[in-house]
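A.B. asks: Prediction below, plus the sequence it came from.
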Amino acid sequence: MSRASHSHWGAFTAELHAGDISAVTPMATDTDPSPLLANLPGSLRHRARVAGPAVRRGWLDDGPGPSGARGADEFVAVTWDELTELLADELRRVIDIHGNEAIYGGSYGWASAGRFHHAQSQVHRFLKLLGGYTSSRHSYSLGATGVIMPRVVGTHDDLFKRSTGWDVIVEHTELLVCFGGVALKNTGINHGGTTAHPARAALRRFRDRGGHIVSFSPLRDDVEGDYEWHAPVPGTDVAIMLALAHVLATENLADREFLDTYCTGYDRFERYLLGSDDGVPKSPAWASALSGLPAETITALARRMAAARTLVTVSWSLQRIRHGEQAPWMGLTLAAMLGQIGLPGGGFGHGYGSMNEPGLAPLRYRLPVLPQGPNPVSTFIPVAAISDMLLHPGQEYDYNGQRLTYPDIRLVYWAGGNPFHHHQNIPRLRRALARPDTVVVHDPYWTAMAKHADIVVPSTTAYEREDYSGSRNDPLLVAMRALTEPYAASRDDYDTFAALAERLGVGDQFTQGRTARQWLQHMYEKWAAGLDFAAPTFDQFWADGQLRLPTEPGLTLLSDFRADPHTHRLNTPSGRIEIFSADIDGFGYADCVGHPAWFEPTEWLGGARAASFPLHLLANQPASRLHSQLDTGALSQGSKVSGREPIRMHPEDAAERGVTDGDVVRVYNDRGACLAGVVTDAGVRPRAVQLSTGAWFDPLDPADPDALCVHGNPNVLTDDVGTSALARGCTGAHVLVQVEKFAGPLPPVRAHQPPVVAER
């Protein structure tokens with residue numbers, strides 16, 4: 001039997017056998033389907049699935065309270081009725097005694113591609129009806145961008161959903177200058193599903209037309225095909241951009257008319273650029289000493305950029321570092337100095353090669369959405385500040401011009417995510433998760449987060465329920481029919497929350513009298529009524545399996561602003577691009593001043609820390625899975641070395657340490673350590689190593705917060721510190737480490753084994 005469905009990495013038809021996916025076939029019209037589809041077979045009945053409701057033994061016996069046993073304790077199987085009663089009573093206790101602010105509705109992660117059965121939407125709707133919860137803002141992927149870009153250009157979403165289209169780049173761009181590359185491995189995915197993957201073909205057509213690509217990255221494969229590769233010292237991209245800008249300023253190549261008309265504060269920035277106040281010109285010679293690139297190379301490139309139709313792009317990874325606000329801000333400033341923002345094929349781009357959204361035509365309409373209502377609790381944290389919040393209740397901190405206070409969280413409610421993938425410094429995170437009274441996790445799988453919970457709610461996967469999916473830059477709304485029955489005693493989150501809501505007295509408000517299928521029809525019909533064309537009925541859409549929606553092709557970022565900066569003024573205080581921001585300057589932050597600037601990273605090869613940890617580890621996104629999703633799958637497992645996550649090293653660095661391909665090494669610093677399997681690769685810059693995120697955390701001793709991760713999760717090594725006082729974004733992409741050959745018997749990998757679940 002075969003049935004069609006949808007996922008973050010593509011639409012497909014699945015062959016089914018014994019209640020599981022046995023094979024998948026990509027949508028026929030997808031000319032470059034994602035290889036991540038290969039992780040789906042065998043995923044629905046895998047041993048890592050949560051078979052039924054479970055409660056941690058210590059919590060069940062001793063009641064709510066802080067516990068260092070989370071992650072090491074056994075679980076006890078309970079019935080659904082028992083779970084509903086225990087969880088409802090605990091929610092009521094926390095709200096009555098501590099207030100709704102004491103609930104953290106974390107639930108960060110990609111979860112399902114569906115529009116209705118989206119875990120975060122479900123849990124947030126439920127918690128709002130109970131009186132609200134402490135929430136989070138922005139994302140681990142774009143924590144710095146999400147704060148700096150609205151202040152500089154008035155938005156951050158439009159940089160992705162209304163970015164310059166691939167068709168425009170192919171036709172008009174002459175020089176594509178990429179800081180952080182354009183990694184096609186990341187273009188396989190989109191957060192709401194994706195039915196076409198045009199980036200590879202677009203870059204091929206761009207080259208065929210005579211376009212040139214220049215990439216700055218420690219990794220050669222951050223761009224595929226023929227291009228000009230520069231491998232600077234990691235973390236020095238802003239210095240290189242400043243040096244390029246210095247050439248434009250000193251050789252009269254900057255477009256002064258554009259800067260005067262469309263920007264504000266360039267004169268203040270230029271004083272810094274030329275070293276008028278600090279005595280340090282940000283020249284190519286200055287940048288060369290930091291980056292290791294020849295000054296002549298930087299100078300020549302600046303001249304080429306000024307003479308050609310040039311698109312400057314900055315990857316998302318460059319803002320996941322200390323002072324990460326500076327890379328996108330400086331990239332935009334460099335593009336502004338070239339004066340090509342708003343011209344076809346020129347200007348600025350952020351995130352090409354970071355996911356399958358930039359470069360794709362946006363929809364003309366919003367998609368159907370599950371209403372969540374307002375959150376009565378106004379307290380929030382930057383999303384990457386979880387450990388800080390749990391460890392330091394009542395502590396004040398700076399964020400985006402505000403002085404905020406961490407709440408006293410008593411209950412963490414997590415649905416649809418795995419912070420052991422996203423969050424930095426796992427030893428610190430484990431200590432933080434020991435502080436609340438109760439941790440609740442909804443998940444289909446026994447991830448590390450589920451193993452650290454007190455109450456585990458077994459959720460269905462996207463392929464065991466009905467839904468529909470689409471994304472804001474994809475032309476198809478796709479029906480997702482259930483492929484098989486739910487595994488064991490797993491339930492849809494909607495049914496779980498409906499039962500909890502009924503017990504807590506808000507059942508009618510939560511369900512509004514609708515089943516899940518009725519919600520799908522209601523959401524669709526309400527959405528279709530607002531369209532300016534005749535959409536099919538819900539039944540017809542469901543029978544057809546998809547609905548094609550109109551898009552806006554041929555976009556150039558900020559073209560309307562360039563055509564008429566008064567009518568289309570930006571949502572900034574000046575209405576223009578803020579190269580100098582008086583607001584940011586007024587905050588008085590030492591780590592983020594009023595204009596883009598170079599700040600020495602805390603984790604880089606040019607600092608004193610490199611004497612102890614001489615390798616720069618790049619914790620980038622994996623090629624074999626989406627984040628940590630389906631690490632159990634065939635593609636992800638096939639990438640492992642002796643069952644561990646692969647670490648790529650330059651052959652010289654490997655030889656210096658006496659290791660070669662296939663060896664297992666200990667990767668460590670003063671925060672933690674993990675095991676990884678060596679893959680030597682001359683396409684990695686010397687003194688840089690690459691270890692992707694997403695290997696499920698697997699401590700050698702589950703009771704020890706500082707235990708070695710035997711599977712290769714790099715977040716045991718990363719520093720849990722924000723980008724700056726402005727955004728407090730994630731800084732997990734860069735960390736200094738040392739590597740040594742592992743001695744002794746290899747410990748088994750147990751990451752995908754369930755914990756002990758005893759019968760009641």
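C.D. replies: That came through fine. Just so we're clear, the structure is a prediction, and the values are computed from it rather than from any experiment. Numbers count the residues shown, from 1 in each chain.
A.B. asks: middle-most residue in this protein, spatially?
C.D. replies: Closest residue to the average C-alpha location of the chain: Ser141 at 3.2 Å, with CA atoms, centre = their mean.
A.B. asks: That one against Ser317, yeah?
C.D. replies: No: in this structure, Ser141 is not within contact of Ser317 by CB atoms under 8 Å, at 9.2 Å. The C-beta positions use only the backbone N, C-alpha and C, and glycine is treated the same way.
A.B. asks: which residues are in contact with both of the two?
C.D. replies: Contact criterion CB atoms under 8 Å, 6 or more residues apart in numbering; residues shared by Ser141 and Ser317: Ser354.
A.B. asks: Specify the local secondary structure of the residue nearest to the centre of the chain.
C.D. replies: Three-state call for Ser141 (DSSP: H, G, I helix; E, B strand; the rest coil): coil.
A.B. asks: what's the pLDDT at it?
C.D. replies: Note for Ser141: predicted pLDDT of 93.
A.B. asks: Then Gly193?
C.D. replies: If you check Gly193, the pLDDT there is 87.
A.B. asks: Poorly predicted segments of the stretch 151-300 of the chain, please.
C.D. replies: Low-confidence segments of the stretch 151-300 of the chain (pLDDT under 70): none present.
A.B. asks: Helices of that one, start to end?
C.D. replies: With DSSP state H, counting those that start in this stretch as the criterion, the stretch 151-300 of the chain has helices at 158-161, 166-172, 199-208, 237-250, 256-262, 266-274, 284-291, 295-307.
A.B. asks: Let me have the ones you listed in TSV, extended by distance to Leu83 and mean neighbour count.
C.D. replies: What follows is the helices of the stretch 151-300 of the chain, written out as TSV (distance: least, CB to CB, whole Å; neighbours: other CB atoms under 10 Å):
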stretch	distance to Leu83	mean neighbour count
helix 158-161	39	21
helix 166-172	48	20
helix 199-208	44	17
helix 237-250	49	25
helix 256-262	58	15
helix 266-274	57	19
helix 284-291	55	21
helix 295-307	60	18
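A.B. asks: Make CSV from those and add distance to Ala619 to it.
C.D. replies: Formatted as CSV, the helices of the stretch 151-300 of the chain follow (distance: least, CB to CB, whole Å):
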stretch, distance to Ala619
helix 158-161, 22
helix 166-172, 28
helix 199-208, 23
helix 237-250, 16
helix 256-262, 37
helix 266-274, 31
helix 284-291, 21
helix 295-307, 27
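A.B. asks: contacting residues around the residue nearest to the centre of the chain?
C.D. replies: Taking CB under 8 Å, 6+ apart, one finds 316, 320, 354, 730 in contact with Ser141.
A.B. asks: ok, now with 7 Å
C.D. replies: Trp316 (CB atoms under 7 Å, 6 or more residues apart in numbering).
A.B. asks: for Pro362, same thing?
C.D. replies: For Pro362, counting by CB under 7 Å, 6+ apart, the contacting residues are 161-162, 472-473, 551-552.
A.B. asks: now with 8 Å?
C.D. replies: 161-162, 472-473, 551-552, 555.
A.B. asks: quick one: the helices in the stretch 601-750 of the chain?
C.D. replies: 634-638, 651-656.
A.B. asks: For Leu411, find the nearest of the ones you listed.
C.D. replies: helix 634-638 (32.4 Å; CB to CB).
A.B. asks: Show me which residues of the closest one are buried.
C.D. replies: 635-636 (16 or more other CB atoms under 10 Å).
A.B. asks: contacts for it?
C.D. replies: Here helix 634-638 has contacts from 35-36, 38-39, 41-42, 622, 624-625, 630-631, 694, using CB under 8 Å, 6+ apart.
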